[in-house]
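**Q** coords please:
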Amino acid sequence: KLEELLNFKQLKTSLKEAVLLDYYTAGFWWAKEMNFSLIQLSGFMDLLNFLLENLSEKHMTLGDNLKELGRVMAGIGETDSERSGDLNFFSIEQAKAIIDYLNISLFKHYKLYEYLFHSCGEELLISNE
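**A** Numbers count the residues shown, from 1 in each chain. Coordinates of the predicted model:
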């Protein structure tokens, strides 16, 4: 279903599409295992997409992307509505778990994702073998 939702047409021959599908699928199942509500699941998937777009389209460094993560997660657990951010439907414990997950899934492998998005291009694949 995610393949259709992401509109991937060359999954069998595109390394980038295969990696992205794996990234989103792993994130989705992690969030399901965390028993996130539908709104939390949606917010988490938006966060995954936001961080990847920062890397792929805005060419953000690891440090800049970490700052963006801090900015969007600021205010979680705050009762003051002016200080709470877009992700205020997460608890502090859930926010910590999300940061831990992002550390092992994206930030630890940031150079690999940079290479995936910013390398010369994919090799031409002649056959499926």
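
**Q** Which element, helix or strand, includes the residue most central in space within the chain?
**A** Against the mean C-alpha coordinate of the chain, by CA atoms, centre = their mean, the closest residue is L48 at 2.1 Å. Assigned by DSSP states H and E, L48 belongs to helix 38-56.

**Q** Over to L116?
**A** helix 110-118.

**Q** And D100, by the same measure?
**A** Under the criterion of DSSP H and E, D100 resides in helix 92-105.

**Q** Next, the buried residues of that helix.
**A** For helix 92-105, the neighbour count (16 or more other CB atoms under 10 Å) marks Q94, A97, I98, Y101, L102 as buried. C-beta coordinates here come from the backbone N, C-alpha and C atoms, glycine included.

**Q** how about these in TSV, adding distance to E17?
**A** Shown next, in TSV, are the buried residues of helix 92-105 (distance: CB to CB, whole Å):
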residue	distance to E17
Q94	30
A97	28
I98	25
Y101	22
L102	21
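
**Q** how about the residue nearest to the centre of the chain, what does it touch?
**A** Y23, Y24, G27, L106 (CB atoms under 8 Å, 6 or more residues apart in numbering).

**Q** Check what pLDDT it gets.
**A** On the pLDDT scale, L48 is placed at 95.
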